[in-house]
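Student: this one's sequence-less:
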């Protein structure tokens, strides 16, 4: 067999060209992947910063309530909620009903009018959702608004995913927490609310929170 019998391997020749194209394609994909990775790191850092905003606020509030005896009733439940993994923004939103400072901080962050609540009554009455003073009704509505705003405005993807997971897994801890906060608030106004009524309102609030956060565009981080 001599050179006259040699014929170029067409497939091999094409392979050289294709190999060069493949290298370029891989290179472009690598660049694109690197860009996406860098963007992902940036998003994650931004997301963590959003989450930390409420972490600092909660830490500051904890220092105050631990030394204030009037908040003793919620400490055990508050710590259970935190240990269970509930996020600081959601936890603070719920606490805002019994602490105007927290409520106004949330509203300030969300450019909402600040709370001015000075209601008082001497006689003790039972809670009736169909016959409640407008001022109290408005305060509770603002509270629900604050809870929802704390988890949907300038939200953290990490925190939002965590809230959904926890609420869909087991709502009993957060139900008890919300109902006790509501009961404490009303008791300070000489209004008694039954456990059943308080849990019913807690159920309503949790459902409203879930509906609101499920409308959010949650990104992978």
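Tutor: The structure has been received and is ready for your questions. Quick caveat, the model's predicted, so the values are computed rather than measured. Residues are numbered from 1 along each chain as shown.
Student: and residue 87, how many neighbours?
Tutor: Other residues near residue 87 come to 24 when the count uses other C-beta atoms under 10 Å. C-beta: built from backbone N, CA, C; applies to glycine.
Student: sec struct for the residue nearest to it when sequence neighbours are not counted, please.
Tutor: Nearest residue to residue 87 in three dimensions, chain neighbours excluded: residue 159, at 4.1 Å (C-beta to C-beta, 6 or more residues apart in numbering). On the three-state scheme (DSSP: H, G, I helix; E, B strand; the rest coil), residue 159 is labelled helix.
Student: distance of residue 159 relative to residue 204?
Tutor: Look at residue 159 and residue 204: by C-beta to C-beta, to the nearest Å, they are 22 Å apart.
Student: swap in residue 140?
Tutor: 11 Å.
Student: neighbour count for these two, which is higher?
Tutor: Using other C-beta under 10 Å as the criterion, residue 140 and residue 204 rank with residue 140 on top: 17 against 12.
Student: got the contact list for stretch 86-93?
Tutor: For stretch 86-93, the external contacting residues (C-beta atoms under 8 Å, 6 or more residues apart in numbering) are 51, 54-55, 57-58, 61, 78, 81-82, 102, 106, 146-151, 155-156, 159, 162-163, 166, 173-174, 209.
Student: now a PyMOL select for only the buried ones of those.
Tutor: Under the burial definition 16 or more other C-beta atoms under 10 Å, those of these that qualify are selected in PyMOL by:
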select buried, resi 51+54+57+58+61+78+81+102+106+146+147+148+149+150+151+155+156+159+162+163+166+174+209
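Student: restricted to helices, list the contacts of stretch 86-93.
Tutor: Under the assignment DSSP state H, the contacts of stretch 86-93 contribute 51, 54-55, 57-58, 61, 78, 81-82, 102, 106, 146-151, 159, 162-163, 166, 173-174, 209 to helices.
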